[in-house]
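Undergrad: give the three-dimensional model of this entry:
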Amino acid sequence: MVLTTSSLFLHTLAQVGITHVFVNWGSDHPAMLEELERQRETNGGHALTIVTSPNEMVALSAAHGYAQATGKPAAVVVHVDVGTQALAGAVHNADRGRVPILIYAGASPFTSDGELKDVHDQPAIVRQYMRHTAQISSPANLPHVVRRALQIATSEPKGPVYLWGRREVMEQEIDQSLLERPITLAKWPSVEPTALSSTGTHTPLLKSADVILVIDAEVAWMPMNKDKDGAHERPSETAQVFIIDSGDPLKRGIGMHHEEADLVCQADAAVALAQIHGAVADVVTLAPHERAERIRKMHESWMAQLRDAESVPLLLSSSGGPAPYTTPQIVGALRTAIQASGVSREGALVLNESISSYPLVWSHMQPEIPGEVISSGGSSLGWALGGGIGAVLGGRVAKKGTGTGYDLVASIVGDGTFLFCVPASAFWMARRYQTPFLTIVLNNGGWKSPKLSMLGVHPQGHGSQCYSGCCLWWMGMGTQNKCRPRRGQKECAKELLEETIRRR
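TA: Numbers count the residues shown, from 1 in each chain. This is a model prediction of the structure:
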């Protein structure tokens, strides 16, 4: 029996609590493949769950979704520098989303001539997005290297880490005694944030608020955006702004960043909010009943607007056929169908990567518990399909829903995002590993986010009069620029939900 550094690497991952490894194999992984086959023949299976991904970005997105569902890191294995590059924007999402993931890449042999895939500084490809990078230089300290990487990945601000090793090192034969030593994280605790000593908002209340509390948000608002009247969507100059961030309130990983704030705190949000609630509860001059009544009326008005948007009757288009469904109608139908199916809030998970429809999806899904609707935390599109796979796998591990995993996982994407998700690879993985999830593609009739960005800066400009089909951002799905409904959206959503739940 031949054991190698790769044997020790896989053994260490399993010993420190990694359960799932999302892989895209290459010529730098022969020892790992040999070790996995040895485990299968010797033990009848693998200590780790190996999930093969035909695309590296989908692999990292799946690990991302897994970590979000379980709260625990997964591992990703890719091929030398080219596989590292192919992780693409998923690296940004894991960084900005503060998701703990251990990424490993092999490296070209240093004893061969004419190797085309070697570069001077492979980790530099992703270093600025990583919490930590390190080389595996010897089997002697490999468990130390892995545990240090995971300790950093799971400490605030959490995020991805990157390890790499030359093929000769990973192929080096080792003594079995290295696998018999105890390897745990018992003396490698994560660093948690102390108590007090998500994407930008889109609400008219921002400009009228006198006090604003920003909690764990990478971008609280877009200061240069303007509404349809040309007014900036930002807090008033007299508003007091308080920022609570559990990891990196100064955003050290961003070249230029500044929030006009009265107080910036590095603190655990849950602990901080409990302390604030306790302090405010002792203040009797705030007239809470009067304020609560005012907020109740505002909430009722807002809910009425949501209901009106969902129940707008279908209109005829200019061609005489039925007009396309709106995003509120589609999302409202999904929410209603989930409720009608008997799936609990804890048993359903919605991944929101609708981008230009972000606020609409959040509002019309009406989540009430943490984790009911999630997004990547970053701005690189293409997370939701791979994330759906990882979320289904992670839901089973974390015993979500009734204890066997989520009853329903749904990914809501725009038409452009759907293509960024590499659907061929994602759906191959979903079929291969039996991870059914519902995908809803919102046809924007074009690349809507760049258009909205343009209108945010130039609301009355030349582009405001341009329609999809003749503009630079046009990207229709199919021969028609809009989908034509043929039956009630609630019936369609109900059938899709029933089929997804049946296949789980």
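Undergrad: once you drop chain neighbours, what's closest to His92?
TA: Of all residues not flanking His92 in the chain, Ser380 sits nearest, at 4.5 Å (C-beta to C-beta, 6 or more residues apart in numbering). Placement of C-beta: from N, CA and C, glycine included.
Undergrad: hmm, Arg98 and Pro157 touching each other?
TA: Yes: using C-beta atoms under 8 Å, Pro157 is in contact with Arg98, at 5.4 Å.
Undergrad: mutual contacts of those two, please.
TA: Residues within reach of Pro157 and of Arg98 at once, by C-beta atoms under 8 Å, 6 or more residues apart in numbering, are Gly247.
Undergrad: for Lys448, grab the count of nearby residues.
TA: Lys448 has 21 neighbours, counted by other C-beta atoms under 10 Å.
Undergrad: for the nearest residue to it once chain neighbours are set aside, give its distance to Ala209.
TA: Leaving aside its chain neighbours, Lys448 sits nearest to Ser356 (4.1 Å; criterion: C-beta to C-beta, 6+ apart). With the distance defined as C-beta to C-beta, to the nearest Å, Ser356 ends up 25 Å from Ala209.
Undergrad: these two: which is more packed in?
TA: Ranked by neighbour count (other C-beta under 10 Å), Ser356 and Ala209 place Ser356 first, with 20 against 15.
Undergrad: need phi/psi at the more buried one.
TA: phi -70, psi -20 (degrees, to the nearest 10).
Undergrad: ok, it - contacts?
TA: Ser356 is in contact with Gly414, Asn444, Lys448, Ser449, Leu452, counting by C-beta under 8 Å, 6+ apart.
Undergrad: Gly371 too?
TA: Contacts of Gly371 (C-beta under 8 Å, 6+ apart): Gln68, Leu349.
Undergrad: please renumber so the chain begins at 40
TA: Okay, residue one is now 40; in that scheme the one you just asked about reads as Gly410.
Undergrad: that one should be in a strand, yeah?
TA: No: Gly410 is assigned coil when assessed by DSSP: H, G, I helix; E, B strand; the rest coil, not a strand.
Undergrad: quick check: it vs Ser340, distance?
TA: Gly410 is 28 Å from Ser340, by C-beta to C-beta.
Undergrad: next: Ala331.
TA: 15 Å.
Undergrad: next: Ile334.
TA: From Ile334 to Ser340 the distance is 11 Å (C-beta to C-beta).
Undergrad: what do you get for Val115?
TA: Distance, Val115 to Ser340, by C-beta to C-beta: 46 Å.
Undergrad: from the centre of this structure outward, give me the first residue you hit.
TA: Ser415 (2.2 Å; C-alpha atoms, centre = their mean).
Undergrad: ok so Ala173 is a strand residue?
TA: Yes: Ala173 forms part of a strand when assessed by three-state DSSP.
Undergrad: who are the contact partners of it?
TA: Counting by C-beta under 8 Å, 6+ apart, the residues that Ala173 touches are Val184, Arg187, Ala188, Val200, Tyr201, Leu202.
Undergrad: leaving out chain neighbours, which residue sits closest to the third one?
TA: Excluding the flanking residues, the one nearest Ala188 by C-beta to C-beta, 6+ apart is Val200, at 4.2 Å.
Undergrad: go ahead and confirm that neighbour touches Ala144.
TA: No: contact criterion C-beta under 8 Å: Val200 and Ala144 do not qualify, at 11.8 Å.
Undergrad: which parts of the stretch 190-339 of the chain are strands?
TA: 199-205, 250-254, 279-284, 302-305 (DSSP state E, counting those that start in this stretch).
Undergrad: so where's this structure shaky on pLDDT?
TA: Where the chain drops to pLDDT under 70, the residues are 151-156, 231-243, 263-269, 292-296, 322-327, 351-360, 484-486, 505-536, 538-543.
Undergrad: and Pro406, how many neighbours?
TA: 17.
Undergrad: for the one 3 residues further on, same thing?
TA: Using other C-beta under 10 Å as the criterion, Pro409 is surrounded by 8 other residues.
Undergrad: one step back: max pairwise distance over the contacts of Ala173: which two?
TA: Maximum pairwise distance among the contacts of Ala173 (C-beta to C-beta): 12.6 Å, between Arg187 and Tyr201.
Undergrad: anything in contact with each of those two?
TA: By C-beta under 8 Å, 6+ apart, the residues touching both Arg187 and Tyr201 are His171, Ala173.
Undergrad: ok, those two, which is more surrounded?
TA: Neighbours per residue (other C-beta under 10 Å) separate Arg187 from Tyr201, with Tyr201 holding more: 28 against 16.
Undergrad: pretty sure that one contacts Ile140?
TA: No: under the criterion of C-beta under 8 Å, Tyr201 is not in contact with Ile140, lying 9.5 Å apart.
Undergrad: which residues does Arg435 contact?
TA: Thr443, Gly444.
Undergrad: secondary structure element for it?
TA: Remark: Arg435 resides in helix 423-436, with elements defined by DSSP states H and E.
Undergrad: and the residue nearest to Lys487, how close does it get to Leu491?
TA: 6 Å.
Undergrad: the helix or strand hosting Glu80: which residues count as buried?
TA: With secondary structure defined by DSSP H and E, Glu80 is part of helix 69-82. Neighbour-count burial for helix 69-82 flags Pro69, Ala70, Met71, Glu74, Leu75, Gln78 (criterion: 16 or more other C-beta atoms under 10 Å).
Undergrad: cool, and stretch 220-229?
TA: In stretch 220-229, counting by 16+ other C-beta under 10 Å, buried: Ile222.
Undergrad: what's in contact with that stretch?
TA: With contact meaning C-beta under 8 Å, 6+ apart, stretch 220-229 is reached by 50-51, 54-56, 182, 186-187, 189-190, 193-195.
Undergrad: tell me how far that stretch lies from the chain's centre.
TA: Here stretch 220-229 is found 28 Å from its chain centre; the criterion is C-alpha atoms, centre = their mean, to the nearest Å.
Undergrad: can you give me the end-to-end distance of it?
TA: Distance across stretch 220-229, first residue to last, is 22 Å (C-alpha to C-alpha, to the nearest Å).
Undergrad: near Met40, how many other residues are there?
TA: Neighbours of Met40 using other C-beta under 10 Å come to 6.
Undergrad: give the contact list for it.
TA: For Met40, the contact set (C-beta under 8 Å, 6+ apart) comprises Arg77, Thr81, Gln215.
Undergrad: the same query, at a cut-off of 10 Å, please.
TA: By C-beta atoms under 10 Å, 6 or more residues apart in numbering, the contact list for Met40 reads Ser46, Arg77, Thr81, Gln215.
Undergrad: what's the closest of those to Ile283?
TA: Ser46 (44.8 Å).
Undergrad: I figured the closest one hits Leu72, correct?
TA: No: the criterion here is C-beta atoms under 10 Å, and Ser46 misses it with Leu72 at 11.5 Å.
Undergrad: can you give me the buried ones in stretch 404-419?
TA: Buried, per 16+ other C-beta under 10 Å, within stretch 404-419: Met404, Pro406, Val412, Ile413, Ser414, Ser415, Gly416, Gly417, Ser418, Ser419.
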